[in-house]
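# For reference, the sequence and a predicted model appear below.
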Amino acid sequence: MELRDAILTRRSYTNYLDKKVDLQLIGEILNLAIYAPSAGNMQNWNIVIVDDDDKRKQIAQACLKQMWMYQAPVHIVILNKKPDIQRMFGKKGETYGIQNCAALAQNILLLATDAGLASCWVGSFDKDAINGIVGAPSTQEPEIIITLGYSKDKPVSTRYKLERVCCFNQCGITRKDFGFFPLEKHKIKMEEMLKKESKSLVEKIKSLFKKDNE
Ligand SMILES: Cc1cc2nc3c(=O)[nH]c(=O)nc-3n(C[C@H](O)[C@H](O)[C@H](O)COP(=O)(O)O)c2cc1C
């Protein structure tokens, strides 16, 4: 799958099929995901893969009772090893530590999409409860939980137009000529492809009729 397709098709899934995920696949995803950037290359994450039935139920409970999570056969708990990053960066380490974990999480989501898996980023949870469930020391803090599995849903979510969330050189300064943005280019390419495709279809149909009349 092309990167742009993974970005465009990734969605947050809250419905999962009763189908296991091969742990080998999870390993492959994580082995790539850890190439995420991190401040000072500190890689201050500890990743806990949870496939245990009882623990997933407890995690769903600790995520403010988001019981749909229990359906997902795998939970990935991303823990932030806070002392490591704070020793290196002091106060700024607090922000960096979370940002590093977020970069890792986004990699996991995109790689999961590429592998045909459904996923969801979960951020609402009781941190102490999650630490207790996965047996993490108090120096580590859960930042993100990702559910993984298979789904037959196609969740929909929309985005603000780029013009609303982007400006030039200074906040509030916008430009009308947004055509150079990659997504716009992609859209134009798709439209051109569709036009070409429908032309060749018309030709094909015409030639079929020709053959019938001969
Ligand atoms: C920091 C963060 C926390 C989130 N927490 C939850 C959550 O607790 N439960 C949930 O169902 N979705 C959660 N989401 C998913 C968002 O609701 C979702 O990304 C958003 O609605 C856009 O939909 P999409 O991901 O399908 O494009 C979270 C996403 C982020 C980035």
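That came through, no problem.
# Look up how far I146 lies from the residue in the chain positioned nearest to the ligand.
Distances between the chain and the ligand by Cβ to the nearest ligand atom are smallest at G123, namely 2.7 Å. Just so you know, the C-beta spots here come from the backbone N, C-alpha and C atoms, and that holds for glycine as well. From G123 across to I146, the span is 10 Å (Cβ to Cβ, to the nearest Å).
# Contact partners for the nearest residue to the residue of the chain closest to the ligand once chain neighbours are set aside?
Residue nearest to G123 in three dimensions, not counting chain neighbours: I144, with 6.3 Å by Cβ to Cβ, 6 or more residues apart in numbering. Shown in contact with I144 (Cβ atoms under 8 Å, 6 or more residues apart in numbering): I78, C101, A102, A105, W121, V122, G123.
# same thing but at 10 Å, please
45, 76-80, 98, 101-102, 104-106, 108-109, 121-123, 125 (Cβ atoms under 10 Å, 6 or more residues apart in numbering).
# cool, and K154?
T9, R11, Y13, A118.
# for the one helix or strand D5 maps to, what is the average pLDDT?
In the assignment (DSSP states H and E), D5 maps to helix 3-9. Throughout helix 3-9, pLDDT has a mean value of 96.
# Could you identify the helix or strand that succeeds it?
helix 23-33.
# Domain parsing of this protein, as residue ranges.
Recorded structural domains for the chain (assignment: automatic domain parsing) are 3-149, 168-214.
# Run a quick check on the residue of the chain closest to the ligand versus A105, I expect a contact.
Yes: using Cβ atoms under 10 Å, G123 is in contact with A105, at 9.5 Å.
# In terms of packing, which of those two has more residues around it?
For G123 and A105, the more surrounded residue by other Cβ atoms under 10 Å is A105, and the numbers stand at 22 against 11.
# on that earlier part again, return every residue with contacts to both of G123 and A105.
Counting by Cβ under 10 Å, 6+ apart, the common neighbours of G123 and A105 are E143, I144, I145.
# Give me the subset of those residues lying in strands.
Judged by DSSP state E, strands contain the following of the shared contacts of G123 and A105: E143, I144, I145.
# which helices and strands sit right next to the helix holding D5?
helix 92-114, helix 182-213 (3 or more Cβ pairs under 10 Å, 6 or more residues apart in numbering; DSSP states H and E).
# just checking, next helix/strand downstream of the first one?
Going down the chain from helix 92-114, the next helix or strand is strand 118-122, by DSSP H and E.
# Where does G132 sit, in terms of helix or strand?
Here G132 is assigned to helix 127-134, by DSSP H and E.
# Does that helix reach the ligand?
No: using Cβ under 6 Å from any ligand atom, helix 127-134 stays clear of the ligand, with a minimum separation of 12.2 Å.
# Please work out the average pLDDT along that helix.
What helix 127-134 shows for mean pLDDT is 98.
# Which secondary structure state does N46 sit in?
Judged by DSSP: H, G, I helix; E, B strand; the rest coil, the three-state class of N46 is strand.
# Tell me which of the domains of the chain is the most buried.
Scoring the domains of the chain by mean neighbour count under mean count of other Cβ atoms under 10 Å gives domain 3-149 as the most buried, with a mean of 18.
# Understood, closing this out.
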